[in-house]
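Novice: Okay, structure incoming, though there's no sequence with it:
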Ligand SMILES: Cc1cc2nc3c(=O)[nH]c(=O)nc-3n(C[C@H](O)[C@H](O)[C@H](O)COP(=O)(O)OP(=O)(O)OC[C@H]3O[C@@H](n4cnc5c(N)ncnc54)[C@H](O)[C@@H]3O)c2cc1C
């Protein structure tokens, strides 16, 4: 949605107050800005109708109490103040003064946006002397921002192995790679943001060890950084294949800005034929992006259907057909035995022309540092519901963290953008002493051309899969159940249902429901 669209009534000219139904926002405009006007009890609020993430249309989202959630990627904002309450929202929404005269409401004057959390209860604990964050990705950036948003004034340092600013990683395989988003959209926040908020971002800084006893970390180039509280947010690394030819210069992975840019450079240098090894979410997103750049795209994977393990056969087939209709050629049930300068060879002897090869066969959590530090591990870094590891004063968040999930009653680890951000936020608050359990329902999206799969919950296995709608028409909801319990729901083009499912699962989470005993921490 464009910010310049004039939608609904001109709120500066005023509307009759009885046009508003309590709790149901009305979409109007003030000048060029789309605005949501809401009655909340005896008062009125007006906030931007444009999500502060990817500009999603908030009027099509879900209102829950005094909050509104974006239909696209589930960011949550306060309707009363515009305050961002849940990722992936990056900033608070612009807001306006509402005046009432003679039963008419007028929205005219823009107010200062909220830059500090307004709902944070006063802290009784002493704040930490300093916070050190290892990892400049989704969780690390969100944690640093939350510390400052919560009013923490002590030193905050991010040590990031990447040489870029913390990137909007989904863009690296989607819009930026497709050429439909400018480079300016890649950093989550600009350099000036970190300076202004006094967050010391040390790029290209790889941490090689942690000395938990002395509360310090050491970098590969020999520097030492002390901490009072430490957050590990080291993310994941792409799985490397042992295939002969994997080291050739036209073979790429997709994790960092450099990775994405090197693929774009290969296209700009004239690459015409791409082979994607791996029919994974990222592999298929890359396939869509390269089709948008008019390359011939072939996808090779050993499975019978793409994404079946996560989404089930019907959605897997629908997504395969979607890609085939866009010209992608699949070679499923096959592996690559050799990569050569201009070809890849499949296990049936077939040769596919390839001047660009992209590997998308999954990731592994980057846990070497946590292992070295002696933290308790379980296919990831084991944390309690406050995201604290087995070592005092060390927290973990994002792709590396395995946490006790209230909804499934299991310890789970996922690789989702929004989960990493929300965990970074919760870990930051808990470092400040708030002791808030991480209760958010997992959510991810995956964009393929104009179709987005939205997925809430977590189902590693299911005994019943219910489909409402028609996956082949890309209009459906798929429910994954185990023993009658709804574990997860994937939707295409049913954004409101996805939001409602998230809220329903949150409400079920009001009481903890662990099948496993929570981790006992040292
Ligand atoms: C191309 C791509 C597209 C994606 N698309 C989607 C999507 O559409 N939807 C979705 O839900 N999820 C998506 N994801 C997944 C999502 O991006 C991740 O789940 C998320 O980034 C995890 O956040 P994180 O903070 O745990 O790790 P990351 O964002 O990976 O950040 C980890 C950081 O730690 C740094 N680091 C690692 N080790 C060290 C060390 N020893 N010392 C210092 N720094 C270190 C890394 O350099 C990096 O800066 C995508 C991922 C990729 C790669």
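Specialist: Cool, the structure landed. Note that the structure is predicted; figures quoted are calculated from it, not measured.

Novice: Tell me which helix or strand comes right after the worst-scoring helix or strand of the chain on mean pLDDT.
Specialist: When each helix and strand of the chain is scored by mean pLDDT, DSSP states H and E, strand 84-86 comes last, with a mean of 92. Going down the chain from strand 84-86, the next helix or strand is strand 95-101, by DSSP states H and E.

Novice: Contacts for the helix or strand just after that following strand next, please.
Specialist: Using DSSP H and E, the next helix or strand after strand 95-101 towards the C-terminus is strand 104-111. The contact list for strand 104-111 (CB atoms under 8 Å, 6 or more residues apart in numbering) reads 11-17, 20, 28, 30, 35, 37, 44, 46, 94-100. In short, each C-beta sits where N, CA and C put it, glycine included.

Novice: one step back: what strands line up against the least confident helix or strand of the chain, and which way round?
Specialist: strand 76-78 (antiparallel) (DSSP bridges).

Novice: Quick one: residues contacting the residue of the stretch 101-250 of the chain found nearest the ligand.
Specialist: Using CB to the nearest ligand atom, residue 137 is the residue of the stretch 101-250 of the chain that sits closest to the ligand, at 1.9 Å. Counting by CB under 8 Å, 6+ apart, residue 137 touches 160, 162, 166-167, 169, 233, 235, 398, 420.

Novice: Give me the pLDDT for it.
Specialist: Listed pLDDT for residue 137 reads 98.

Novice: do you know how far it is from residue 168?
Specialist: 10 Å (CB to CB, to the nearest Å).

Novice: With residue 278 instead?
Specialist: 22 Å.

Novice: give me the subset of the contacts of residue 137 touching the ligand.
Specialist: 160, 162, 169, 233, 235, 398, 420 (CB under 6 Å from any ligand atom).

Novice: which one of those residues sits closest to residue 242?
Specialist: residue 235 (22.7 Å; CB to CB).

Novice: Please look at the closest one and residue 396 and confirm they touch.
Specialist: No - look at residue 235 against residue 396 with CB atoms under 8 Å: they stay out of range, at 11.0 Å.

Novice: more crowded one of those two?
Specialist: The neighbour comparison of residue 235 against residue 396 (other CB atoms under 10 Å) goes to residue 396, with 32 against 25.

Novice: Could you list everything the more buried one pairs with in the sheet?
Specialist: residue 232.

Novice: next one: residue 476
Specialist: The partner residues for residue 476, given DSSP bridges, come to residue 469, residue 492.

Novice: ok, it to residue 321 distance?
Specialist: Counting by CB to CB, the gap from residue 476 to residue 321 is 13 Å.

Novice: Which one of the two is surrounded by more residues?
Specialist: For residue 476 and residue 321, the more surrounded residue by other CB under 10 Å is residue 476, and the numbers stand at 20 against 13.

Novice: Quick one: residues contacting the more buried one.
Specialist: By CB under 8 Å, 6+ apart, the neighbours of residue 476 are 315, 318, 467-470, 491-494.

Novice: Burial check on the closest residue to the ligand within the stretch 251-400 of the chain, number of neighbours?
Specialist: Taking CB to the nearest ligand atom, the ligand has its nearest neighbour within the stretch 251-400 of the chain at residue 398, 2.1 Å off. Residue 398: 34 surrounding residues under other CB under 10 Å.

Novice: same check, this time on the one 3 residues further on
Specialist: For residue 401, the tally of surrounding residues (other CB under 10 Å) stands at 30.

Novice: Dig out what it forms beta bridges with.
Specialist: residue 381.

Novice: to the chain's geometric centre, what's the distance from stretch 187-195?
Specialist: Distance, stretch centre to chain centre, for stretch 187-195: 18 Å (CA atoms, centre = their mean, to the nearest Å).

Novice: Could you give me the buried positions within it?
Specialist: By neighbour count on 16 or more other CB atoms under 10 Å, the buried set for stretch 187-195 is 187-189, 193-194.

Novice: Which of those fall in helices?
Specialist: Among the buried residues of stretch 187-195, the ones falling in helices (DSSP state H) are 193-194.

Novice: Which one of the buried residues of stretch 187-195 is nearest to residue 357?
Specialist: residue 187 (27.4 Å).

Novice: Distance of the closest one relative to residue 203?
Specialist: For residue 187 relative to residue 203 (CB to CB), the value is 11 Å.

Novice: Kindly report the same for residue 161.
Specialist: In terms of CB to CB, residue 161 sits 9 Å off from residue 203.

Novice: can you check residue 86 too?
Specialist: 27 Å.

Novice: When those two are compared, which one has more neighbours?
Specialist: Taking other CB under 10 Å, residue 86 and residue 203 do not tie; residue 86 has more neighbours (18 against 15).

Novice: Not including adjacent chain positions, what is the nearest residue to the more buried one?
Specialist: Distances taken as CB to CB, 6 or more residues apart in numbering put residue 76 closest to residue 86, at 3.7 Å, once the chain neighbours are dropped.

Novice: Show me which residues of this protein sit near the ligand.
Specialist: Within the chain, the positions near the ligand by CB under 6 Å from any ligand atom are 134-140, 159-162, 169-170, 172-173, 206-207, 233-236, 254-255, 282, 366, 369, 398-399, 415-418, 420, 444-446.

Novice: Just the buried ones from those?
Specialist: Buried members of the residues of the chain next to the ligand, counted by 16+ other CB under 10 Å: 134-140, 159-162, 169-170, 172-173, 207, 233-236, 254-255, 282, 366, 369, 398-399, 415-418, 420, 444-446.

Novice: Next step: those residues restricted to helices.
Specialist: If you go by DSSP H, those have 138-140, 169-170, 172-173, 282, 369, 417-418, 420 in helices.

Novice: so how many other residues sit close to residue 265?
Specialist: Neighbourhood size, residue 265 [other CB under 10 Å]: 11.

Novice: And the one 5 residues further on, by the same measure?
Specialist: Look at residue 270: counted by other CB under 10 Å, it has 8 neighbours.

Novice: And for the one 10 residues further on?
Specialist: Counted by other CB under 10 Å, the residues lying close to residue 280 total 24.

Novice: before we move on, what about residue 324?
Specialist: Residue 324 has 12 nearby residues by other CB under 10 Å.

Novice: Would it be right to say that it lies in a helix?
Specialist: Yes - assessed by DSSP: H, G, I helix; E, B strand; the rest coil, residue 324 belongs to a helix.

Novice: Tell me who's in contact with it.
Specialist: Residue 324 neighbours (CB under 8 Å, 6+ apart): residue 330.

Novice: Can you check the pLDDT for it?
Specialist: 98.

Novice: Then the one 4 residues further on?
Specialist: On pLDDT, residue 328 comes in at 98.

Novice: got a pLDDT number for the residue nearest to residue 86?
Specialist: 96.

Novice: For beta bridges, what are the partners of it?
Specialist: Residues in beta-bridge contact with residue 76 (DSSP bridges): residue 69, residue 86.

Novice: and it, how far is that from the ligand?
Specialist: Counting by CB to the nearest ligand atom, to the nearest Å, the gap from residue 76 to the ligand is 16 Å.

Novice: ok, so what distance separates that residue from residue 188?
Specialist: Distance from residue 76 to residue 188, by CB to CB: 18 Å.

Novice: One more: residue 85?
Specialist: Counting by CB to CB, the gap from residue 85 to residue 188 is 18 Å.

Novice: Same check on residue 150?
Specialist: 18 Å.

Novice: do residue 418 as well
Specialist: Counting by CB to CB, the gap from residue 418 to residue 188 is 13 Å.

Novice: same question, residue 149
Specialist: 14 Å.

Novice: OK, contacts around the residue nearest the centre of the chain?
Specialist: Central residue of the chain (CA atoms, centre = their mean): residue 417, 1.9 Å from the mean position. The neighbours of residue 417, taking CB under 8 Å, 6+ apart as the test, are 88, 138, 169-170, 444.
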